[in-house]
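I would like to see how this sequence folds:
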Amino acid sequence: MHALTIFLAKLIGLYCVLLAGGMLINRRDSLAAIEAMIRSPQMLLMSGVVALPAGLALVLGHTVWSGGALAIAVTIFGWAVLIKAVALLAAPQERMIRLYRAMQYDRWFTPCMAVVAALGLALAVAGFAA
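Numbers count the residues shown, from 1 in each chain. As a prediction, this is how the structure comes out:
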C-alpha cells in the first residue's frame, strides 16, 4: 500500500472521529453554528475558500481508483471535499438554505455524525493497521 494512502487514511480518519465527537458533544452549539453559517454569505464564502485548497490537494495528490478499498475511500473523500468547496463558492445562498432545510439536518444530525465517526474510525483503523 502506498505511504500517502496510509497517511491520508490516518489523517482523514482521525479528523472525522474528532470532528464528529466534538460536534456531538456540543450538539446544540454545533447546530446553531451551522445554521448561522448557512445564513451568512460571508461564512459560506470563507468555508469554500478554506475547503478548496484541501480538496484540490487531496484530488491532485491522491486520485487512486485501484489498489483496494482504502485507496478508493481516500480518493472519494478528496473528491467530496472538492465538490463541496466548489458548491459553497458557486451555489447561491438561497439554494444552500433550501438544501439545508430539505436535508432536515437538525433532525438527522446525530445519525449523520455517528456515520461520520464510524467511517472515520474505519479509515483510521485501516490506516494504522497497514
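
Show me what the lowest-mean-pLDDT helix or strand in the chain is packed against.
Counting by mean pLDDT, DSSP states H and E, the chain has its least confident helix or strand at helix 93-103, which shows a mean of 91. Using 3 or more CB pairs under 8 Å, 6 or more residues apart in numbering; DSSP states H and E, the elements in contact with helix 93-103 are helix 27-38, helix 41-61. Bear in mind the C-beta positions are built from the backbone N, C-alpha and C, glycine included.

helix, strand or coil for the residue most central in space within the chain?
The centroid of the chain falls nearest to residue 81 when counting by CA atoms, centre = their mean (5.9 Å). Following DSSP: H, G, I helix; E, B strand; the rest coil, residue 81 is assigned to helix.

Please look at it and residue 50 and confirm they touch.
No: the pair residue 81 / residue 50 is not scored as a contact, 10.5 Å apart, by CB atoms under 8 Å.

Report the separation between the nearest residue to residue 64 once chain neighbours are set aside and residue 17.
Spatial nearest neighbour of residue 64, chain neighbours left out: residue 71 (4.3 Å); criterion: CB to CB, 6 or more residues apart in numbering. Going from residue 71 to residue 17 by CB to CB, to the nearest Å gives 20 Å.

What count of nearby residues applies to the closest residue to residue 36 other than its chain neighbours?
Closest residue to residue 36 apart from its sequence neighbours, by CB to CB, 6+ apart: residue 43 at 7.0 Å. Residues within reach of residue 43, counting by other CB atoms under 10 Å, total 15.

Thought residue 35 was touching residue 43, still the case?
No: contact between residue 43 and residue 35 fails when scored by CB under 8 Å: they sit 10.7 Å apart.

Which pLDDT does the model give residue 71?
On pLDDT, residue 71 comes in at 96.

give the contact list for it.
For residue 71, the contact set (CB atoms under 8 Å, 6 or more residues apart in numbering) comprises 1, 2, 5, 62, 64, 65.

Having no further points to raise, I will conclude here.
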